[in-house]
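Visitor: Based on what follows, work out the 3D shape:
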Amino acid sequence: MDEVCTIVGIDISKDRLDVACLPAAVHVPPAFDNDAQGHVALVGRLKEITPRLIVLESTGGYQRMLVAALAAAGLPVVVVNPRQVRDFARALGVLAKTDAIDAMVLARFGEKVNPAPRPLPDAESTALIDLLARRRQLVELRTAESNRLGQATSARIKASIRAVLATIEKQIASIDEDLDGRIRRSPAWKEKEDLLTSTPGVGPLTARTLLACLPELGAISRQSIAALVGVAPLNRDSGTKRGQRTTWGGRTVVRSALYMAALVATRHNPILKAHYTKLIAAGKAKKLALVACMRKLLVTLNAMLRTRTPWRNSLETD
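Guide: Here you go, the predicted model:
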């Protein structure tokens, strides 16, 4: 009977893993602890039933250790976008939300949508992702404290804020040093970073964000990479109505880094500057023109990594 269970959905919270299987003919404990011991127990049970697919949501980091354990055991695991799963649940008419219900929705999502497992990041990539995430948090803290400093009137409060800012600056510098060291120790990463940063407007932080959070860069088509990041214009047509094209979804961290790079590139990169100016002259709104430049920059970088060709002030060849 165990052999008929092919799809497993796992809802992850900080302390608990809720599990659902389809078909539901096999008994699997409905919950495990989200710790090393619970992971071992869950992996052992899943290896017994040999599922065709295991579906989890990205949950802000709580899924990482379990995903690593499942992948190490050779189990077919895929991490999906929570918003996509929520939309799927609404389409099914599942409006209630509990951990057990969410696990079953994930299993049904796997059964109907059949998402393809993607290669998981290696340990070095995961470490870079964590460092970049921590750096973003520290930059946000620095901005918040700087704003408070501008509003403070008491000398005692100002001194306290300046002390915190000094600590944050040291932490950011330490992370930057760690990032530099990791890049230098990896010839492959160093080569890719050098290629990306040869583009006017793309600095080391943008390059590292792209490499860590967009491992598909250089390996898929221009259309696929644009859709993956969320800078591909999507149709909104119905009957004779032609709606405005919009971008939607994608990887927020990558898109934010790309936005800042495109903003700089429209001023200092001759190709992107000319493209932006042309769009503005044609009557495009500045925001739409900037998004178009983000897409152009992305597909150019995609082609550069694929062909291992540095920037040459030429249009993308993807």
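
Visitor: Any figure for the gap between the residue lying closest to Ser186 once chain neighbours are set aside and Leu46?
Guide: Taking C-beta to C-beta, 6 or more residues apart in numbering, and ignoring the residues beside it in sequence, Ser186 has Glu124 as its nearest neighbour in space, at 6.4 Å. From N, CA and C alone the C-beta is placed, and that goes for glycine too. According to C-beta to C-beta, to the nearest Å, Glu124 and Leu46 sit 27 Å apart.

Visitor: Compare neighbour counts for these two and give me the winner.
Guide: Shown here are Glu124 and Leu46; by other C-beta atoms under 10 Å, Leu46 has more neighbours (22 against 15).

Visitor: would you say that one is within a helix?
Guide: Yes: using DSSP: H, G, I helix; E, B strand; the rest coil, the assignment for Leu46 is a helix.

Visitor: So it sits against Ile54, correct?
Guide: Yes: between Leu46 and Ile54 a contact is recorded at 6.8 Å, counting by C-beta atoms under 8 Å.

Visitor: residues shared between the contacts of the two?
Guide: 8, 70, 75 (C-beta atoms under 8 Å, 6 or more residues apart in numbering).

Visitor: wait, doesn't Val299 sit right on Arg222?
Guide: Yes: if you go by C-beta under 8 Å, Val299 and Arg222 touch, sitting 4.0 Å apart.

Visitor: neighbour count winner among these two?
Guide: Using other C-beta under 10 Å, the more surrounded residue of Val299 and Arg222 is Val299, with 22 against 19.

Visitor: What is the neighbour count of Phe109?
Guide: Neighbours of Phe109 using other C-beta under 10 Å come to 24.

Visitor: Helix, strand, or coil at Val78?
Guide: strand.

Visitor: Tell me how far it lies from Ala100.
Guide: 20 Å.

Visitor: quick one on the thing from earlier: can you tell me which residues contact the residue nearest to Ser186?
Guide: Counted by C-beta under 8 Å, 6+ apart, Glu124 has contacts 182, 186, 189.

Visitor: where's stretch 207-222 relative to the chain centroid, distance-wise?
Guide: 10 Å (C-alpha atoms, centre = their mean, to the nearest Å).

Visitor: Use 36 as the first number for this chain going forward.
Guide: In the new numbering, first residue 36, that becomes stretch 242-257.

Visitor: Can you list the neighbours in contact with that stretch?
Guide: 154, 156, 160, 163-164, 167, 214, 218, 224, 227-228, 231-232, 259-260, 263-264, 286, 288-289, 292-293, 334, 336-341, 351, 353.

Visitor: from the contacts of Glu159, which is closest to Gln172?
Guide: Arg217 (18.5 Å; C-beta to C-beta).

Visitor: Does the closest one touch Ala162 like I think?
Guide: Yes: taking C-beta under 8 Å as the definition, Arg217 is a contact partner of Ala162 at 6.9 Å.

Visitor: Val113 and Ala135: which has the busier surroundings?
Guide: The neighbour comparison of Val113 against Ala135 (other C-beta under 10 Å) goes to Val113, with 19 against 13.

Visitor: residues near the closest residue to the more buried one other than its chain neighbours, how many?
Guide: Sequence neighbours aside, Pro152 is the residue nearest to Val113 in space, at 4.4 Å (criterion: C-beta to C-beta, 6+ apart). By other C-beta under 10 Å, 14 other residues sit near Pro152.

Visitor: is it true that Pro152 touches Leu88?
Guide: Yes: at 7.4 Å, Pro152 counts as touching Leu88 under the criterion of C-beta under 8 Å.

Visitor: Please enumerate the shared neighbours of the two.
Guide: 111, 113.

Visitor: which SS state does Pro235 fall under?
Guide: Under three-state DSSP, Pro235 comes out as coil.

Visitor: that older thread, among the shared contacts of Leu81 and Ile89, which ones are in strands?
Guide: Among the shared contacts of Leu81 and Ile89, the residues falling in strands (DSSP state E) are Val43.

Visitor: just curious, which of the shared contacts of Leu81 and Ile89 is nearest to Arg171?
Guide: Using C-beta to C-beta, these come closest to Arg171 at Leu105, 27.3 Å.

Visitor: For Gln119, give its distance to Leu252.
Guide: Taken as C-beta to C-beta, the span from Gln119 to Leu252 is 21 Å.

Visitor: of those two, who's got more company?
Guide: Leu252 (21 against 14).

Visitor: and the helix or strand containing Arg290, average pLDDT?
Guide: Using DSSP states H and E, Arg290 sits within helix 287-303. The average pLDDT within helix 287-303 is 92.

Visitor: Check stretch 46-66 too.
Guide: Averaging pLDDT residue by residue across stretch 46-66 gives 84.

Visitor: That's all I had, so thanks and see you.
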